[in-house]
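[1] After the sequence you'll find the predicted model.
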Amino acid sequence: MQFEHVLVTGAGGLMGGYVINELKGRCKLSGLDVLPDKSNIPHIADTIVNPDAVSRACEGMDAVVHIAAIPNIWSGTGDEIIHTNVTGTWNVLKAAQDAGVKRVIITSSDSVVGYTVLSGSMISPDYLPIDVDHPRRPTDPYALSKKLCEEMARSFVDRGAFEVVAMRPVFVLYPDMEGEVRARAADPAGYQWPAAGGRKPPGGGAMLHYVDPRDLAIAYRLALELDDPGFGPYFLCGPNTLAPEPTLERFADKAGQEVEVRDPSLYVENPHAPLYDLTHAEEHLGFRAVHDFRAKIYG
């Protein structure tokens, strides 16, 4: 690990816990979160919207892994999501600059593309697979907050403050959600949450994308370890979708239209391949998800 002291915001959450477990023993970790410490590392119990707490947390850090956020459109009002995610990220970036941090990993989302979860307002992509050059057209407050965070981070890179790596994970399939995902797969048309006692409905957007948290944690480690990972942004997704239908068939049905498929061979070789171009992350991060949940539920 090229960075000795690393701060993880959102350290008390599920995703933060997986990232911390992946980084333990490779660097000296600290955490910042309103949730209590679960990883036995130095921890500041506060929110990212408190600039003083963020400044204290960034002191002496070489790198920051910024995960803390309101994580989806169901976890707060639009005002709350924009305030926490955008103002909080500004506080992290500004404090990192003031502290002389060398690299910040920011957590964006595939939702910035505009084709995820807000029924009736999704904007069909211009082409498939969706790559890093595809326009971002967020249709809900969460997606908009993530686009704004990407723009803020880019501005710090442009002014030479530090390096930034932007990550765009899809729905993170944690172990306690597996029962709901299996129930949905068993009865796609009739599924109603909670069919298996899950804490929330299974996600994945219209196409039922997913990524295993263990794979996701490895991607964050790679973003810290590499000498020059680049800004990205990197779509982080499992090797396939969890939809019963092949990807192009389901997309045509959900979107009500067909779009240009720039790499038809992708969907010939893997009919359930994601909507996203994952080669950028593979070529520049060395990341490729290895956990295939589709194989577990469909055989």
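    Yes, it's here.
[2] and Val261, what does it touch?
    127-128, 248, 267 (Cβ atoms under 8 Å, 6 or more residues apart in numbering). Quick note: C-beta positions are derived from backbone N, CA and C, even for glycine.
[3] Surely Pro135 is in a strand?
    No: judged by DSSP: H, G, I helix; E, B strand; the rest coil, Pro135 forms no part of a strand; its state is coil.
[4] Report how many residues lie close to the residue lying closest to it once chain neighbours are set aside.
    Excluding its sequence neighbours, the residue lying closest to Pro135 (Cβ to Cβ, 6 or more residues apart in numbering) is Asp126, at 6.8 Å. For Asp126, the neighbour count with other Cβ atoms under 10 Å is 13.
[5] pretty sure Arg30 is in contact with Glu4, am I right?
    Small correction: residue 30 is Ser, not Arg. No: using Cβ atoms under 8 Å as the test, Ser30 is too far from Glu4 to be in contact (11.5 Å).
[6] measure the nearest residue to Gln97 once chain neighbours are set aside to Glu80 for me?
    Among residues not flanking Gln97 along the chain, Ala161 sits closest, at 4.4 Å (Cβ to Cβ, 6+ apart). Ala161 sits 28 Å away from Glu80, taking Cβ to Cβ, to the nearest Å as the criterion.
[7] So between those two, which is more surrounded?
    Ala161 (19 against 12).
[8] Let me know the helix or strand that that one is in.
    For Ala161, there is no host helix or strand (DSSP states H and E).
[9] ditto for Ile81
    Going by DSSP H and E, Ile81 is part of helix 78-82.
[10] And that helix, what does it pack against?
    Packing contacts for helix 78-82, counted by 3 or more Cβ pairs under 8 Å, 6 or more residues apart in numbering; DSSP states H and E, involve helix 141-158.
[11] for the helix it packs on, the distance to its chain's centre please.
    Distance of helix 141-158 from the chain centroid (Cα atoms, centre = their mean, to the nearest Å) equals 13 Å.
[12] Go ahead and produce PDB holding the CA coordinates of that helix.
    This file holds the C-alpha atoms of helix 141-158, laid out as PDB (Å, rounded to 0.1, in the frame of the first residue of the first chain):
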ATOM      1  CA  PRO A 141     -32.100  13.600  -6.000                       C
ATOM      2  CA  TYR A 142     -29.700  10.800  -5.100                       C
ATOM      3  CA  ALA A 143     -28.400  10.400  -8.600                       C
ATOM      4  CA  LEU A 144     -28.100  14.200  -9.000                       C
ATOM      5  CA  SER A 145     -26.100  14.400  -5.700                       C
ATOM      6  CA  LYS A 146     -23.700  11.900  -7.100                       C
ATOM      7  CA  LYS A 147     -23.200  13.700 -10.400                       C
ATOM      8  CA  LEU A 148     -22.500  16.900  -8.500                       C
ATOM      9  CA  CYS A 149     -20.000  15.100  -6.300                       C
ATOM     10  CA  GLU A 150     -18.200  13.900  -9.400                       C
ATOM     11  CA  GLU A 151     -18.100  17.400 -10.700                       C
ATOM     12  CA  MET A 152     -16.700  18.800  -7.400                       C
ATOM     13  CA  ALA A 153     -14.100  16.100  -7.200                       C
ATOM     14  CA  ARG A 154     -13.000  16.800 -10.800                       C
ATOM     15  CA  SER A 155     -12.600  20.500 -10.000                       C
ATOM     16  CA  PHE A 156     -10.100  19.600  -7.200                       C
ATOM     17  CA  VAL A 157      -8.200  17.500  -9.600                       C
ATOM     18  CA  ASP A 158      -8.100  20.300 -12.200                       C
END
